[in-house]
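[1] got a sequence here, can you build the structure:
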Amino acid sequence: QVHLVESGGGSVQAGGSLRLSCVVSGDTFCRYDLSWYYQAPGKEREFISGIDSDGRTTYADSVKGRFTISQDNAKNTVYLQMDSLKSEDTAKYFCKAERGVHTWCVDSWGQGTQVTVSS
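    Here you go, the predicted structure:
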């Protein structure tokens, strides 16, 4: 099983930037896609961005042009660079390992990191 630990959240004013990190440890055979989700209070968890094992990236329309996902394989870390932050980006951000290449691979979530954007 894979273990994920997020960091980098905090409070920032609208228009500012933050970089979230997610350190991935454990299973190295599943070649998971690594994704970021966010969950605002009272709302469902939503997909923001993902990167697959070949480095291909996807983004939700709400963050395209503002957020950038990347990974450093040497550090087993995936990043989410968030620029031009808006108050509606306020949420808890989660990293997820999903869609492993083997049938026995289990999706896993990190514990989340809080991002608060003040206007």
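[2] list the contacts for the spatially most central residue of the chain?
    The chain has W36 as the residue nearest its centroid, 2.4 Å off, counting by CA atoms, centre = their mean. Going by CB atoms under 8 Å, 6 or more residues apart in numbering, W36 touches 20, 22, 47-50, 69, 78, 80, 93-96. Where you see a C-beta, it was placed from the backbone N, CA and C, and this is true even at glycine.
[3] quick one: the helix or strand where it lies to chain centroid distance?
    In this assignment (DSSP states H and E), W36 forms part of strand 33-39. The chain centroid and the centroid of strand 33-39 are separated by 4 Å, computed with CA atoms, centre = their mean, to the nearest Å.
[4] stretch 76-94 too?
    That offset, for stretch 76-94, works out to 7 Å (CA atoms, centre = their mean).
[5] quick one, helices of this structure?
    In the chain, no helices are defined using DSSP state H.
[6] what bridges to Y38?
    When assigned by DSSP bridges, Y38 has beta-bridge partners E46, Y93.
[7] hang on, it packs against K96?
    No - checked against CB atoms under 8 Å, the pair Y38 and K96 is beyond contact range at 11.2 Å.
[8] who touches both of those two?
    With CB under 8 Å, 6+ apart, Y38 and K96 have no common neighbours.
[9] look up the closest residue to S25, ignoring the ones flanking it.
    Spatial nearest neighbour of S25, chain neighbours left out: H3 (4.9 Å); criterion: CB to CB, 6 or more residues apart in numbering.
[10] quick one: pLDDT of that neighbour?
    With respect to pLDDT, H3 scores 96.
[11] distance of it from G26?
    5 Å (CB to CB, to the nearest Å).
[12] burial count for S17?
    12 (other CB atoms under 10 Å).
[13] actually A91, not the one I typed
    21.
[14] for the one 3 residues further on, same thing?
    By the criterion of other CB under 10 Å, F94 has 21 neighbours.
[15] so it sits against Y38, correct?
    Yes - assessed by CB under 8 Å, F94 is found in contact with Y38 at 7.1 Å.
[16] show me the common contact partners of the two, please.
    When contacts are counted by CB under 8 Å, 6+ apart, F94 and Y38 are jointly contacted by R45.
[17] nothing else from me, thank you.
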